[in-house]
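> no letters, just coordinates:
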């Protein structure tokens, strides 16, 4: 029987998806071996490879479609309508059907350049919305505590699928049990039916492996995360125990690299994680476990639902206007939308493509909990009355090549989205003295942790950092970002005579990559009191030798990891800044 072009189109796309999933799973499955061998550089490379994999496989599949089908067949919407129906049937029994739908959408958008976004021709909405059936696959292992918390912790660690032994399992189980007995609510700690439940899969990221689940009993539950580290030459050790919902949420933050974790049933896996972190959007959790493209799909669907409620309109984001980006928000959606302006401030010597490459760098790089993840959209369409008039007027003025009107529609050809945060400069205007000290300490730690990951923000002004609902300081303006090892940190030379210090121009030569940390104070803080406080908290940031030492550590191949919990929570020591060598 001769197959129709639409069926062959669907089958070709599904074949490409299977190739993508096969390679994705292979990279992910090897994370346990990389952890066993302490192959930290290889882990970084694998993370970048897996991020790049999606676009590579979409391009491969698109090329296969162009070789197989005529231009007329490939650009005929009715063919895609029929192909969508065939594809929905082909994936109907798959456990990763939602990822397959997103892959189909990626091919459709590649062919039609992000136009003709209709559910008839692609999966604007899932083919299984409201589906009640479950896979029946057991995701978790369980242990009844029966009053013995040390045995429960021993079970959690000893039964995990690690290939390296623990250095001192007795010590770790005592530490873990002491923590739980001292911090669990009494109703849960003493419950006769207390039970520890952990996902079978281990979450690997950088130098850490995380056991994730919850503790239930007495009608209560708390999330549970057990971070395990590999000390080369010694073995494994339990680094801390996390049971606070906010702390667990930070582990899965949008500011961190994606986990390498084997996921038997993506939808059910994410549903379980949402039970632990109900405030986390599904899209963020899909991204956190490596499915960032489907995270974008979930984000888009949630945005459409929110816009349809008409609770508010898009407005220009509060804060200082950017020199490169125009930023607007839908206040009820906790997201900012960023558009590259047509013309930059004269001090910004870069092109539009330079800016896009900076964002690609951040996507590929370890964000160490200090850089916001982004989603990139093309041909974004909204109704004109969804925009505040002043907001729309400004967007049309600063980016006419990107934003234009078509009837009652606003067409945005390209934009980025990020999680909404309070700009640090605005936060400092509103906070009390204790909050001020805490946020300035975290601001300095953010700069240090970015540097440890070989990232120099370039423009470290307060307005380019935001504060999350957890009080963490995050960098989000990437147009001047670069690798730390590309910078030339210098001490300011001593003047030869007093008149040199009074001159308008520096008495020393300045190269294009030269940076003088001694100048950071006046540049970052007009407020002298804040400047002095920041210097007290982080005096090393003003010393070129500190930066040069970090550069040398990176050049020597040392992978400096940044762990997503506070130092005082760790059972082992660190250098005081959340950096572990």
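Nice, I can see it. Worth saying up front: this structure is predicted, and the values here are computed from it rather than measured. Numbering: from 1, shown residues only.
> from residue 468, how far off is residue 246?
10 Å (Cβ to Cβ, to the nearest Å). All C-beta spots, glycine's among them, are computed from the backbone N, C-alpha and C.
> comparing those two, which shows the higher neighbour count?
Higher neighbour count among residue 246 and residue 468: residue 468, with 18 against 13, using other Cβ atoms under 10 Å.
> isn't that one up against residue 421?
Yes - counting by Cβ atoms under 8 Å, residue 421 is a contact partner of residue 468 at 5.5 Å.
> okay, and the common contacts of the two?
residue 474 (Cβ atoms under 8 Å, 6 or more residues apart in numbering).
> which residues are in contact with residue 478?
Applying Cβ under 8 Å, 6+ apart, the residues contacting residue 478 are 355, 358, 359, 361, 362, 371.
> of those residues, which is the nearest to residue 483?
residue 361 (8.4 Å; Cβ to Cβ).
> helix/strand/coil for the closest one?
helix (DSSP: H, G, I helix; E, B strand; the rest coil).
> sketch out the low-pLDDT regions of the stretch 351-500 of the chain for me.
495-500 (pLDDT under 70).
> which residues of it fall in helices?
Ranges of helices in the stretch 351-500 of the chain, per DSSP state H, counting those that start in this stretch, are 352-364, 389-398, 424-430, 433-452, 498-502.
> and residue 333, which of those is closest to it?
helix 389-398 (14.3 Å).
> let's have the helices of the stretch 351-500 of the chain in CSV, adding mean neighbour count and distance to residue 32.
Listed next are the helices of the stretch 351-500 of the chain as CSV, based on neighbours: other Cβ atoms under 10 Å; distance: least, Cβ to Cβ, whole Å:
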stretch, mean neighbour count, distance to residue 32
helix 352-364, 16, 23
helix 389-398, 16, 47
helix 424-430, 16, 39
helix 433-452, 19, 25
helix 498-502, 10, 59
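> so which of those helices gets nearest residue 146?
helix 433-452 (40.9 Å).
> which helices and strands sit right next to the closest one?
helix 424-430, strand 465-467, strand 473-475, helix 528-537, helix 544-555, strand 579-580 (3 or more Cβ pairs under 8 Å, 6 or more residues apart in numbering; DSSP states H and E).
> got the contact list for the third one?
Just to be clear, that refers to strand 473-475. By Cβ under 8 Å, 6+ apart, the residues outside strand 473-475 that reach it are 255, 370-372, 421, 424, 439, 442-443, 445-446, 450, 457, 464-468.
> what about 6 Å?
255, 370, 371, 372, 442, 443, 446, 457, 465, 466, 467 (Cβ atoms under 6 Å, 6 or more residues apart in numbering).
> low-confidence ranges in this structure?
1, 129-133, 495-508, 559-561, 572-581.
> please redo it, this time with the cut-off set to 50
Applying pLDDT under 50 to the chain picks out residues 573-581.
> can you pull up the most central residue in it?
In the chain, the residue lying closest to the centroid (Cα atoms, centre = their mean) is residue 254, at 3.4 Å.
> quick one, what contacts it?
Residue 254 neighbours (Cβ under 6 Å, 6+ apart): 284, 373, 419.
> mind running it again at 7 Å?
284, 372, 373, 419 (Cβ atoms under 7 Å, 6 or more residues apart in numbering).
> ditto for residue 114
Residue 114 sits next to 378, 379 when contact means Cβ under 7 Å, 6+ apart.
> next up, phi/psi of it, please.
Taking degrees, to the nearest 10, you get phi 70, psi 20 for the backbone angles of residue 114.
> distance between stretch 442-459 and the chain's centre?
In this view, stretch 442-459 has its centroid 16 Å away from the chain centroid, taken as Cα atoms, centre = their mean, to the nearest Å.
> could you list the domains of this structure?
Split into domains by automatic domain parsing, the chain comes to 5-112, 140-293, 310-420, 424-580.
> any chance of a markdown table for the ones you listed, columns distance to residue 303?
As requested, those are exported to a markdown table (distance: least, Cβ to Cβ, whole Å):
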| stretch | distance to residue 303 |
| --- | --- |
| domain 5-112 | 15 |
| domain 140-293 | 9 |
| domain 310-420 | 6 |
| domain 424-580 | 19 |
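> how about the secondary structure of residue 512?
coil.
> which positions within stretch 268-282 qualify as buried?
Using 16 or more other Cβ atoms under 10 Å as the test for burial, stretch 268-282 gives 268, 269, 270, 272, 273, 276, 277, 280, 281, 282.
> wait, a helix at residue 9?
Yes - the assignment for residue 9 by three-state DSSP puts it in a helix.
> tell me the contacts of it?
Contact partners of residue 9, counting by Cβ under 7 Å, 6+ apart, are 69, 79, 83.
> and the strands in the stretch 201-350 of the chain, which stretches?
With DSSP state E, counting those that start in this stretch as the criterion, the stretch 201-350 of the chain has strands at 203-205, 208-217, 220-231, 235-238, 315-316, 325-330, 335-340.
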